[in-house]
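>>> Coordinates only, no sequence provided:
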């Protein structure tokens with residue numbers, strides 16, 4: 001029996017039905033999460049959690065609201081959802097039809113998108129905690145800026161994974177040498 005390595009299978013650039021379902025679900029969840037982050041004040045729910053008042057159902061309900069409405073967790077959810085949309089956008093090839101295909105993730109694009117988005121979220125949160133006055137309680141205007149920026153970054157990094165590779169290279173070089181290397 002001859003076991004020769006097979007040539008890589010060319011993947012379709014069209015979205016399958018499952019991709020379309022994920023796309024619309026991600027868009028819906030992003031919109032709902034953004035609206036919750038904009039309109040729901042998580043402070044009363046956080047205060048109730050600090051005292052653990054009420055039964056376990058009340059505590060779980062408060063925890064659920066805080067998870068979705070609290071700025072620091074809300075923008076993480078938005079980033080992951082935007083990253084998923086970016087990965088789907090890369091697969092659908094949103095650019096002009098004649099553009100050459102960009103570097104793309106061919107191994108596990110959805111899982112990679114979640115991980116890349118989570119790292120983007122961690123960088124943003126680290127920056128907010130270091131530079132921000134009160135990152136846990138921004139004004140509505142600040143929240144919209146943070147949510148918009150992290151969503152755009154999450155989408156972009158996953159639409160063009162090569163951007164993420166360059167970002168990691170520069171960050172790694174900065175940590176290794178204490179300076180940024182130009183590529």
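Now that the structure is in, tell me what you want to look at. Everything quoted here is computed from the prediction, not taken from an experiment.
>>> buried residues in the worst-scoring helix or strand of the chain on mean pLDDT?
Across the helices and strands of the chain, mean confidence by mean pLDDT, DSSP states H and E is lowest for helix 161-177: a mean of 80. Across helix 161-177, burial judged by 16 or more other Cβ atoms under 10 Å covers 161, 163-164, 167. Where C-beta positions appear, they are placed from N, C-alpha and C, glycine not excepted.
>>> dump the residue contacts of residue 167.
residue 157 (Cβ atoms under 8 Å, 6 or more residues apart in numbering).
>>> so residue 22, which of the three states?
helix (DSSP: H, G, I helix; E, B strand; the rest coil).
>>> Can you verify my assumption that it contacts residue 91?
No - in this structure, residue 22 is not within contact of residue 91 by Cβ atoms under 8 Å, at 10.4 Å.
>>> In terms of packing, which of these two has more residues around it?
Using other Cβ atoms under 10 Å, the more surrounded residue of residue 22 and residue 91 is residue 91, with 21 against 17.
>>> Give me the phi and psi angles of the more buried one.
Phi and psi for residue 91, reported as degrees, to the nearest 10, are phi -70, psi -40.
>>> tell me the pLDDT at it?
Residue 91 is assigned 83 on the pLDDT scale.
>>> so it sits right up against residue 19, yeah?
Yes - in this structure residue 91 lies within contact range of residue 19 using Cβ under 8 Å: 6.6 Å.
>>> Mean confidence (pLDDT) on stretch 138-156, please.
On average, stretch 138-156 scores 90.
>>> Flag every buried residue along that stretch.
For stretch 138-156, the neighbour count (16+ other Cβ under 10 Å) marks 138, 142-143, 146-147, 150-151, 153-156 as buried.
>>> Closest one of those residues to residue 29?
Nearest to residue 29 among the buried residues of stretch 138-156, counting by Cβ to Cβ, is residue 151 at 12.1 Å.
>>> tell me the secondary structure for that closest one?
From three-state DSSP, the assignment for residue 151 is helix.
>>> Ramachandran coordinates for the residue lying closest to residue 110 once chain neighbours are set aside?
Spatially, and ignoring its direct neighbours in sequence, residue 110 is nearest to residue 87 (5.9 Å; Cβ to Cβ, 6 or more residues apart in numbering). Main-chain dihedrals, residue 87, degrees, to the nearest 10: phi -60, psi -40.
>>> Can you report how many residues neighbour residue 87?
As a burial measure, residue 87 scores 30 neighbours (other Cβ under 10 Å).
>>> so it touches residue 117, yeah?
No - if you go by Cβ under 8 Å, residue 87 and residue 117 don't touch, sitting 9.1 Å apart.
>>> Now for those two: what residues contact both?
Common neighbours of residue 87 and residue 117 (Cβ under 8 Å, 6+ apart) are residue 158.
>>> Would you format the buried residues of stretch 138-156 as TSV with distance to residue 37 and secondary structure included?
Below are the buried residues of stretch 138-156 laid out as TSV (distance: Cβ to Cβ, whole Å; DSSP: H, G, I helix; E, B strand; the rest coil):
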residue	distance to residue 37	secondary structure
138	10	coil
142	11	helix
143	6	helix
146	9	helix
147	6	helix
150	11	helix
151	11	helix
153	16	helix
154	15	helix
155	17	helix
156	20	helix
